[in-house]
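Participant: need a 3D model of the sequence below.
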Amino acid sequence: MANENLPEFIQALLSPSVYDHAASDIRLVQTHISYVLLAGDYVYKFKKPVNFGFLDFSTLDKRQYCCEQELVLNRRLCPDIYLGLVTVTLEQGQYRLGGGGEVIEYGVRMVRMPEERMMVNVIAAGELGREHIDSLVETLVPFYRQAERSEEIDRFGTAEAVAVNVLENFDQTREFVDGGALSRDRFERISNYARTVLARQDLFARRIAQGRIRDCHGDLYSANICLADKVYIYDCIEFNQRFRYCDVASDIAFLAMDLDFHGLADLSAYLVERFSRTSGDDGLVEMLDFYKCYRAYVRGKIGLFTAADPAVDETVRQASLEGAAKYFHLAESYVAG
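Facilitator: You can find the predicted model right below:
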């Protein structure tokens with residue numbers, strides 16, 4: 001049965017006849033900003049026409065530009081996965097992929113990776129081990145060494161710039177406080193802690209001086225990693241430079257926090273130790289709890305946003321709220337004292 005909350009073109013893409021390849025097992029996955037269609041051996045990702053302030057996909061031109069950026073940036077780590085830009089056209093009342101009619105949407109076409117090797121599924125199966133962490137570190141250390149650094153990028157590492165990212169989370173979640181997933185006490189404790197650390201400008205200046213502010217991934221956690229024939233790290237932040245131009249510690253803290261979230265504190269500690277030693281980044285640990293708290297809070301916020309989206313069904317809404325509550329609890333656990 002068609003979901004009337006879905007755009008017409010997404011409903012059309014749920015039919016195998018739209019594709020020029022075998023696609024008998026089409027599945028739609030939604031996030032707060034994307035429609036992702038798993039169709040046969042390929043994945044098609046389309047951006048929702050939303051504007052959250054920090055992200056603006058509100059026009060077709062903006063969505064096209066961000067799709068093009070997504071290809072360029074993700075090919076740094078996954079050159080063989082990101083195949084190209086795809087168009088959805090409307091021709092004689094029929095939606096087509098890459099047809100000759102009016103372009104009504106742009107998306108990204110990707111190779112579909114093996115589901116059972118997605119890091120979240122490897123974790124769920126209880127199979128994640130130190131050898132996987134070693135492979136991740138071996139992939140990430142050279143990535144950060146080669147990642148762009150400039151005076152412009154360094155400016156995103158100042159306490160003032162980081163504060164923009166961190167403090168807006170509290171503004172954007174204030175209306176959800178006491179709504180079930182986030183209590184007022186927890187909100188206040190986390191926000192006060194963040195402001196206390198942000199007042200330590202010396203911490204952030206030291207990271208800049210050490211050359212640790214880079215054009216990073218920005219969304220480094222298990223949902224964006226596949227552990228197949230090699231490590232695939234995909235779906236970086238393409239829509240806002242200030243989320244991607246960041247301290248390497250912020251990226252690594254995200255992955256470490258994610259391991260904590262899944263009850264893998266030992267592997268989280270191993271990741272941090274192994275990455276710090278291999279990269280020579282001794283100062284990373286000093287920033288870890290702050291960035292872990294920030295990243296956990298962002299995941300909680302996204303859960304709230306997803307639950308508030310009228311296009312998601314009740315099962316997704318409830319799961320998003322439960323996940324958000326767990327993330328906010330984890331964020332509070334990183335608060336000092």
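Participant: what's the first helix or strand after the helix or strand in which D154 is found?
Facilitator: Following DSSP states H and E, the helix or strand that holds D154 is helix 151-154. Sequence order places helix 159-173 as the next helix or strand after helix 151-154, per DSSP H and E.
Participant: for that next one, packing partners?
Facilitator: Contacting helix 159-173 under the criterion 3 or more C-beta pairs under 8 Å, 6 or more residues apart in numbering; DSSP states H and E are the following elements: helix 184-198, helix 201-209, helix 241-244, helix 284-308. The way it works is simple: take the backbone N, C-alpha and C, and place the C-beta from them, glycine included.
Participant: can you redo these as a markdown table with mean pLDDT and distance to L83?
Facilitator: Formatted as a markdown table, the entries for those read as follows, by pLDDT from 0 to 100; distance: least, C-beta to C-beta, whole Å:
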| stretch | mean pLDDT | distance to L83 |
| --- | --- | --- |
| helix 184-198 | 97 | 40 |
| helix 201-209 | 98 | 36 |
| helix 241-244 | 94 | 22 |
| helix 284-308 | 95 | 27 |
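Participant: buried deepest among the ones you listed, which one?
Facilitator: Here the criterion is mean neighbour count by mean count of other C-beta atoms under 10 Å, and of these the winner is helix 284-308, at a mean of 22.
Participant: returning to what we had before: so for S333, which of the helices and strands packed on helix 159-173 sits nearest?
Facilitator: With distances scored as C-beta to C-beta, the stretch of the helices and strands packed on helix 159-173 nearest to S333 is helix 284-308 (8.3 Å).
Participant: after the closest one comes which helix or strand?
Facilitator: On the C-terminal side of helix 284-308, the closest following helix or strand by DSSP H and E is helix 314-333.
Participant: now that following helix: mean pLDDT?
Facilitator: Taken as a whole, helix 314-333 has an average pLDDT of 96.
Participant: centre of the chain versus it, how much separation?
Facilitator: Between the mean C-alpha location of helix 314-333 and the chain-wide mean there is a distance of 16 Å, by C-alpha atoms, centre = their mean, to the nearest Å.
Participant: same deal with stretch 292-299?
Facilitator: The mean C-alpha position of stretch 292-299 is separated from the chain mean by 12 Å, C-alpha atoms, centre = their mean.
Participant: list phi and psi for the spatially most central residue of the chain.
Facilitator: Nearest to the centroid of the C-alpha atoms of the chain, with distances taken as C-alpha atoms, centre = their mean, sits D219, at 3.5 Å. Backbone geometry at D219, expressed as degrees, to the nearest 10, gives phi -140, psi 50.
Participant: now swap in the one 4 residues further on and tell me
Facilitator: Main-chain torsions, A223, degrees, to the nearest 10: phi -70, psi -20.
Participant: from D178, how far off is it?
Facilitator: Note on A223: its distance to D178, by C-beta to C-beta, to the nearest Å, is 28 Å.
Participant: next one: R112
Facilitator: Distance of R112 to D178, given as C-beta to C-beta: 41 Å.
Participant: who has more neighbours, the two?
Facilitator: For the pair R112 and D178, the greater number of neighbours falls to R112 (14 against 11), based on other C-beta atoms under 10 Å.
Participant: and the pLDDT at that one?
Facilitator: If you check R112, the pLDDT there is 96.
Participant: give me the phi and psi for it.
Facilitator: Listed backbone geometry of R112 is phi -80, psi 120, with angles given as degrees, to the nearest 10.
Participant: do the same with C216
Facilitator: Geometry field for C216 lists phi and psi as phi -90, psi -160, criterion degrees, to the nearest 10.
Participant: also V111?
Facilitator: In this entry, V111 is assigned phi and psi values of phi -70, psi 140 (degrees, to the nearest 10).
Participant: any idea how many residues pack against it?
Facilitator: Other residues within reach of V111, judged by other C-beta under 10 Å, total 14.
Participant: wait, it sits on D80?
Facilitator: Yes. V111 is within contact range of D80, at 7.1 Å (criterion: C-beta atoms under 8 Å).
Participant: if we can go back for a sec, and the helices and strands packed on helix 159-173: which comes nearest A161?
Facilitator: With respect to A161, and counting by C-beta to C-beta, the nearest of those is helix 241-244 at 7.0 Å.
Participant: what residues are up against the residue lying farthest from the centre of the chain?
Facilitator: Relative to the centre of the chain, and counting by C-alpha atoms, centre = their mean, the farthest-placed residue is Q92 at 37.1 Å. Residues touching Q92, when contacts are defined by C-beta atoms under 8 Å, 6 or more residues apart in numbering, comprise G101.
Participant: re earlier: and of the helices and strands packed on helix 159-173, who's closest to P142?
Facilitator: Of the helices and strands packed on helix 159-173, nearest to P142 by C-beta to C-beta is helix 284-308, at 16.5 Å.
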